[in-house]
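**Q** Generate coordinates for the sequence data below:
(one chain, ligands or ions: 1)
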Amino acid sequence: MQLIDGKKTAAEIKDEVAAEIALLKDKGGKVPHLVAVLVGSNGASITYVNAKIEACKKVGMHSSIVRLNDTVSEKELLEEVAKLNNDKDVDGFIVQLPLPKHISEKKVTEAISPQKDVDGFHPSNIGKMMLNLPTFLPATPYGILQLIERYNIETNGKHCVVVGRSAIVGSPVANLMSRNSYPGNCTVTLTHSRTVNLPEITRTADILIVALGKPEFITADMVKEGVVIFDVGITRKADSTKKSGYKLFGDVKFDEVAPKASFITPVPGGVGPMTIVSLLKNTILAAKGKME
Ligand code: GUN
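**A** Numbering: from 1, shown residues only. Below you'll find the predicted structure:
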């Protein structure tokens, strides 16, 4: 079994991104600027946004946070989005999800300029991804692709089973793994909560991508020997023995599943750190005007 070290790979990619930004500076070009919009005080969202801003600092990218109260109206948030769309100093921005119930995430996502949509969530960018046209790939699927490449994992002709059909991870990663190029060329099965006999299907997976949000859902009896596993799940559970006050759990019961796997991502330190470098890479593309 080989552990896929997302933390180490992300650090290597951050070094590459930092070198690219230094080069842009040397050439007198502008330093890319990423803005994160954070609404309310959801603990996980604050952690994620802080990690994204920290990563920007580390690679020499400009970054800022727009913090809005959770009582902000949908109209006010849409005005903020319009402001960022028109701000020439901003290359890319994200609106951290989830948003408070009274705000339509769909409306907000659609209001973001596709050229600045470094999350890759805008319908026109998702459409481009489906057609294999140049666009911003959603951060988590893009992070998984980069891990596959860097660990030289064979994907041609393999059966890739995706568990979870979210718009952010499951659906796009299923599409990307079926593409006619590496990493891809898989036969893909996209499974979800209505799937019948899920263990029968997951047991046939050569590559298993789990993005369900159910801690330790995948058990040893659900996978075959030699499987490659990407665990996207990350659930916090209160734990008073931890300094942070919580412990993180993936969607895979790591201790019993890992011995059967040929490659597996841990939680934390697997897919998570890669999503942030994907965002940095997308912001560089945006700053270079590659998606216009
Ligand atoms: N919430 C959970 N993951 C993400 C992400 O990748 N982008 C944004 N904007 N919100 C999220």
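**Q** per the record, what domains does the protein have?
**A** Using automatic domain parsing, the domain parsing of the chain gives 29-113, 139-272.
**Q** Any idea which of the ones you listed gets closest to the ligand?
**A** domain 29-113 (3.7 Å; Cβ to the nearest ligand atom). Glycine gets a C-beta too; all of them are placed from N, C-alpha and C.
**Q** re the thing from before, and among the domains of the chain, the most buried is which?
**A** domain 139-272 (a mean of 19; mean count of other Cβ atoms under 10 Å).
**Q** what's near enough to touch V81?
**A** V37, V95, V108, A111, I112 (Cβ atoms under 8 Å, 6 or more residues apart in numbering).
**Q** close enough to count as contact, the third one and V95?
**A** By that I understand V108. Yes. Using Cβ atoms under 8 Å, V108 is in contact with V95, at 5.5 Å.
**Q** Can you check which residues contact both of those two?
**A** Counting by Cβ under 8 Å, 6+ apart, the residues touching both V108 and V95 are L77, V81.
**Q** Between all of the contacts of V81, which two are separated the most?
**A** V37 and A111 (11.3 Å; Cβ to Cβ).
**Q** can you tell me which of the contacts of V81 are up against the ligand?
**A** V95 (Cβ under 6 Å from any ligand atom).
**Q** Just the ones of the contacts of V81 in strands?
**A** V37, V95 (DSSP state E).
**Q** Report how many residues lie close to E16.
**A** By other Cβ atoms under 10 Å, 13 other residues sit near E16.
**Q** Pipe the contacts of V81 into a markdown table and attach distance to D70 and pLDDT per row.
**A** Converted to a markdown table, these look like this (distance: Cβ to Cβ, whole Å; pLDDT from 0 to 100):
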| residue | distance to D70 | pLDDT |
| --- | --- | --- |
| V37 | 13 | 98 |
| V95 | 13 | 98 |
| V108 | 14 | 98 |
| A111 | 19 | 98 |
| I112 | 20 | 98 |
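**Q** of the contacts of V81, closest to E54?
**A** V37 (16.9 Å).
**Q** so that closest one touches I94, yeah?
**A** Yes. Counting by Cβ under 8 Å, V37 does reach I94; the two are 6.9 Å apart.
**Q** Roughly how far does the residue lying closest to E76 once chain neighbours are set aside sit from S41?
**A** Spatial nearest neighbour of E76, excluding adjacent residues (Cβ to Cβ, 6 or more residues apart in numbering): L68 at 7.4 Å. Separation of L68 from S41 (Cβ to Cβ, to the nearest Å) stands at 11 Å.
**Q** ok, now V227?
**A** 39 Å.
**Q** Can you show me the strands along the protein?
**A** 2-3, 33-39, 62-68, 92-95, 159-163, 187-191, 207-210, 228-231, 235-238, 246-249, 263-264.
**Q** who does the third one pair up with?
**A** Which is strand 62-68. Using DSSP bridges, strand 62-68 pairs in its sheet with strand 33-39 (parallel).
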